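[1] A structural model of the following input is requested.
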Amino acid sequence: MRLSLDTKVMAYAEGLVIAPGDGAKHAAALRLLEATADVEMALSRQSLAELHALLARRGGHTAAECSRRVRLWAERAELVDSGEAVFEAALDLAAERELRIFDALILAAAVQARCDLLLSEDLQDGFSWRGVVVSNPFGPAPEARLKRLLAGS
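    Residues are numbered from 1 along each chain as shown. Reported below is the predicted structural model:
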């Protein structure tokens, strides 16, 4: 299995609270990272840039600390650029499914990286596009492969 994470999943793992009541998602995100430690991961550079901005804006970290933390994520995963093919696919996806372009870019990057799962709280749980299935790791019913990983941790 090969997976990708969206920005919010990484932000929760970093301990950022996105909205009131999200504190419990930090522990869930850490469990998720532990359970997937041996799973191949691909991350879009765009998601990492968004994480950098969130760490600064919501986390109050210095630019140097934000860069250090983002580099740790980058070391764990294959990085996917939003090159021409990814960008064009994202534009098509955004138009066809009326998605926000940033979400479409993350999903298109996961497709480019040949991921099986994209863990995202923002996209529709169970949505599938070009072989990548979206799973909300904080939802009541995680995708079967993700559920098996979490059960094994």
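[2] Who are the packing partners of the helix or strand of the chain with the lowest mean pLDDT?
    Of all the helices and strands that make up the chain, the one with the lowest confidence by mean pLDDT, DSSP states H and E is helix 144-151; it has a mean of 86. Secondary structure elements in contact with helix 144-151, counted by 3 or more CB pairs under 8 Å, 6 or more residues apart in numbering; DSSP states H and E, are helix 23-35, strand 117-119. Where you see a C-beta, it was placed from the backbone N, CA and C, and this is true even at glycine.
[3] Looking at those, which one is packed in the most?
    With neighbours defined as mean count of other CB atoms under 10 Å, the helices and strands packed on helix 144-151 peak in mean count at strand 117-119, which reaches a mean of 26.
[4] List the contacts of that strand.
    Where contact means CB atoms under 8 Å, 6 or more residues apart in numbering, the residues beyond strand 117-119 that reach it are 1-6, 9, 32, 106-107, 110, 132-137, 143, 145-146.
[5] now the following helix or strand past it, how far from the centre of its chain.
    For strand 117-119, the following helix or strand on the C-terminal side (DSSP states H and E) is strand 128-129. Average the C-alpha atoms of strand 128-129, do the same for its chain, and the two points are 15 Å apart (CA atoms, centre = their mean, to the nearest Å).
[6] What is the subsequent helix or strand relative to strand 128-129?
    Sequence-wise, the next helix or strand beyond strand 128-129 is strand 132-135, with elements assigned using DSSP H and E.
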